[in-house]
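Novice: Build me a structure from this.
(chains A and B)
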Amino acid sequence: QSALTQPASVSGSPGQSITISCTGTSSDVGNYNLVSWYQQHPGKAPKLMIYEDSKRPSGVSNRFSGSKSGNTASLTISGLQAEDEADYFCCSYAGFSTFWVFGGGTKLAVL
Amino acid sequence: QVQLVQSGAEVKKPGASVKVSCKASGYTFSGYYMHWVRQAPGQGLEWMGRINPNSGGTDYAQKFQGRVTMTRDASISTAYMELSRLGSDDTAVYYCARSSGSSPPDYWGQGTLVTVSS
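Specialist: Just a heads-up that it's a prediction; the model follows:
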C-alpha cells in the first residue's frame, strides 16, 4: 500500500492532453511545496520531470507541467507523443521522520 | 556528467545480508545526499533512507530501522547500502539516487536487482 494514491492507468491519443492525479494528506502533499514527478520507462531508472510542485528541471519538455490543490497534486502532459508512454510516479516530502513517500505509479498508454 | 554506477545483481538466501554499492562521478560527492529507493517487481517505489556523505549521518525509513545500514567511503566517492535478515519480500531492484538538501532525488543509478530465494 503506497502512501500516495495514483490511478493505476491512464490513456490518451497522440496530440491530446492527459492529467495524472496524486492524492496524499495534510502531512505530506498538503503541507509542503515538495511534490515531484518521475517518468520511468521499462527496465530504466526513474527520471525527474517535475519538482517543488511545478518546476521543470533543465532539459524536460514544457509539455510537462505540475500543479497542486490541497492534498492532491497533478501532472499534465500536453501534446502526447509516443515516447511519453511510461510509468509515472509522484513523490512528496512528508516531514522529519518519514521524509519521502511515493505513489504507486500510473501507467500511461499512448493509443 | 553526473553518473551513479551500481554494483551487479545479487542472489541471496533468506536470512542473509546484501551490500550494494553506488559509485558517483561528475559532481562533488560530499555535496549531495545519497538516497536508496527500492522497487519490487511490478510495484511502486519505496524510499529506504539517505546518507549525508559529508558527515556520514543517516536517516532511515521506519520500516527498515534496525535492518538497513547506509555507509560511504568519500575517498572513492562510493555509497553503500546493506540490508540484513533478507526475506522473499525484499526481492526488488535497489536504486541509489542523489539529492541536494531538501530537494527530491534527481540523478539515479541504473539499479541493482536483489533476488532472495532458497
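Novice: Which phi and psi values does the residue sitting furthest away from the middle of chain A adopt?
Specialist: Relative to the mean C-alpha coordinate of chain A, counting by CA atoms, centre = their mean, the farthest residue is residue A:97 (22.9 Å). Backbone torsions for residue A:97, taken as degrees, to the nearest 10, come to phi 100, psi -40.
Novice: give me every residue that touches it.
Specialist: residue B:62 (CB atoms under 8 Å, 6 or more residues apart in numbering or on different chains). Every C-beta, even on glycine, is put in place using the N, C-alpha and C of the backbone.
Novice: pretty sure residue B:85 contacts residue B:67?
Specialist: Yes. With contact defined as CB atoms under 8 Å, residue B:85 counts as touching residue B:67 (5.7 Å).
Novice: Quick check: next helix or strand after the least confident helix or strand in chain A by mean pLDDT?
Specialist: Using mean pLDDT, DSSP states H and E, the weakest-scoring helix or strand in chain A turns out to be strand A:100-102, at a mean of 94. Per DSSP states H and E, strand A:100-102 leads on to strand A:106-110 as the next helix or strand towards the C-terminus.
Novice: List the contacts of that next one.
Specialist: By CB under 8 Å, 6+ apart, strand A:106-110 touches A:6-14, A:18, A:20, A:77, A:80-82, A:84-89.
Novice: From chain A, how far out is the residue of chain B positioned farthest from its centre?
Specialist: Distance from the centre of chain B peaks at residue B:118, with 23.3 Å (CA atoms, centre = their mean). Residue B:118 is 26 Å from chain A, where distance means CB to the nearest CB, to the nearest Å.
Novice: Could you list the contact residues of chain A toward chain B?
Specialist: Chain A has residues A:2, A:34, A:36, A:38, A:45-48, A:51-52, A:57, A:89, A:91, A:93, A:97-105 near chain B, with proximity defined as CB under 8 Å from any CB of the partner chain.
Novice: Would you list the buried entries among those?
Specialist: A:2, A:34, A:36, A:38, A:45-48, A:51-52, A:89, A:91, A:93, A:98-105 (16 or more other CB atoms under 10 Å in any protein chain shown).
Novice: Can you give me the pLDDT of residue A:44?
Specialist: With respect to pLDDT, residue A:44 has a value of 91.
Novice: Could you count how many residues lie near it?
Specialist: 13 (other CB atoms under 10 Å in any protein chain shown).
Novice: where's the spatially most central residue of chain B, which helix or strand?
Specialist: The structure's chain B has its C-alpha centroid closest to residue B:36; by CA atoms, centre = their mean the separation is 3.4 Å. Residue B:36 is located in strand B:33-39, with elements delineated by DSSP H and E.
Novice: now what about the helix or strand following that strand, what contacts it?
Specialist: Sequence order places strand B:45-51 as the next helix or strand after strand B:33-39, per DSSP H and E. With contacts defined as CB under 8 Å, 6+ apart, strand B:45-51 is touched by A:38, A:46, A:89, A:91, A:99-102, A:105, B:33-40, B:57-61, B:64, B:68, B:70-72, B:79, B:81, B:92, B:94, B:99.
Novice: hmm, 7 Å instead?
Specialist: Contacts of strand B:45-51 from elsewhere in the structure, counted by CB atoms under 7 Å, 6 or more residues apart in numbering or on different chains, are A:46, A:89, A:99-102, B:33-39, B:58-61, B:64, B:68, B:70, B:72, B:79.
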